[in-house]
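*Asks:* Any chance you can model this:
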Amino acid sequence: SFRKKVSSSRKHQLKSLMLSIAKGILEEEEREREEAKRRYIAETCPPVSMPRTMQELQDLCKEIHRKIDGIDEERYDLEMKVNKANKEIDDLKIKVQDLMGKFKKPVLKKVRMSADAMLKALLGSKHTVNLDLRANLKQVKKEVKDEDKELRDVGDWRKNIEDKSGMDGRKKMFEAEA
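*Replies:* Sure thing, here's the model as predicted:
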């Protein structure tokens, strides 16, 4: 389709026109809200005539307390309705997620925990399991070879080298092996 380009000055003019219209609408809504508030206050809170006797003052106090109780009941009922609606919304969100089959995996913090602490967390405090991993390992006895013992018990290295130096030393090595 053919689109005509709009100049930047025309865009600016249209934008300012839209903003001024929106500002007028917002001001009108604010005036309507203020008027509704004044009407509600005039209906529900008639001007107070100051009582002249003690009996009139007590009657006024009783009337105010009765109105306060009624408003508190209404507030409580509305609060319960809101809580119930919020719970229904949460339940519906869960149902939608179930139907979609997509779950956002929560980001879990890495926690350093021993095997004992993990089992205790999983099984509860009743089951105290001491998991000694070393107890389950197989015991292996180390066999010490005679050759390794000789190598460790070399003694003074200078004497060892002198013994093996030259042809006599090599001859001794061959005789020792044979």
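*Asks:* who's in contact with stretch 74-93?
*Replies:* Residues outside stretch 74-93 that contact it (CB atoms under 8 Å, 6 or more residues apart in numbering): none. Placement of C-beta: from N, CA and C, glycine included.
*Asks:* mind saving the C-alpha coords of it as CSV?
*Replies:* The C-alpha coordinates for stretch 74-93 follow below in CSV (Å, rounded to 0.1, in the frame of the first residue of the first chain):
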residue,chain,number,x,y,z
GLU,A,74,-18.7,-2.9,55.3
ARG,A,75,-14.9,-2.5,55.2
TYR,A,76,-14.3,-6.0,56.6
ASP,A,77,-16.8,-7.5,54.1
LEU,A,78,-15.1,-5.7,51.2
GLU,A,79,-11.7,-6.8,52.4
MET,A,80,-12.8,-10.4,52.6
LYS,A,81,-14.2,-10.2,49.0
VAL,A,82,-10.9,-8.8,47.8
ASN,A,83,-9.0,-11.6,49.5
LYS,A,84,-11.3,-14.2,48.1
ALA,A,85,-11.0,-12.7,44.6
ASN,A,86,-7.2,-12.6,44.9
LYS,A,87,-7.1,-16.3,45.9
GLU,A,88,-9.3,-17.2,43.0
ILE,A,89,-7.0,-15.2,40.7
ASP,A,90,-4.0,-17.1,42.0
ASP,A,91,-5.8,-20.5,41.6
LEU,A,92,-6.7,-19.6,38.0
LYS,A,93,-3.1,-18.6,37.3
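*Asks:* This protein: helices as residue ranges?
*Replies:* 8-44, 54-100, 115-123, 146-152, 157-164, 166-177 (DSSP state H).
*Asks:* nearest to residue 140, of the ones you listed?
*Replies:* helix 146-152 (16.4 Å; CB to CB).
*Asks:* Quick one: mean pLDDT for the closest one?
*Replies:* Predicted confidence along helix 146-152 averages 61 (mean pLDDT).
*Asks:* re earlier: out of the helices of the chain, which comes closest to residue 109?
*Replies:* helix 115-123 (14.4 Å).
*Asks:* CA atoms only for that closest one, dumped as PDB, please.
*Replies:* Provided in PDB are the C-alpha atoms of helix 115-123 (Å, rounded to 0.1, in the frame of the first residue of the first chain):
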ATOM      1  CA  ALA A 115      25.000 -35.100  53.700                       C
ATOM      2  CA  ASP A 116      23.900 -35.300  57.300                       C
ATOM      3  CA  ALA A 117      22.200 -32.000  57.200                       C
ATOM      4  CA  MET A 118      20.500 -32.900  53.900                       C
ATOM      5  CA  LEU A 119      19.100 -36.100  55.200                       C
ATOM      6  CA  LYS A 120      18.000 -34.400  58.400                       C
ATOM      7  CA  ALA A 121      16.200 -31.700  56.200                       C
ATOM      8  CA  LEU A 122      14.600 -34.400  54.100                       C
ATOM      9  CA  LEU A 123      13.600 -36.900  56.800                       C
END
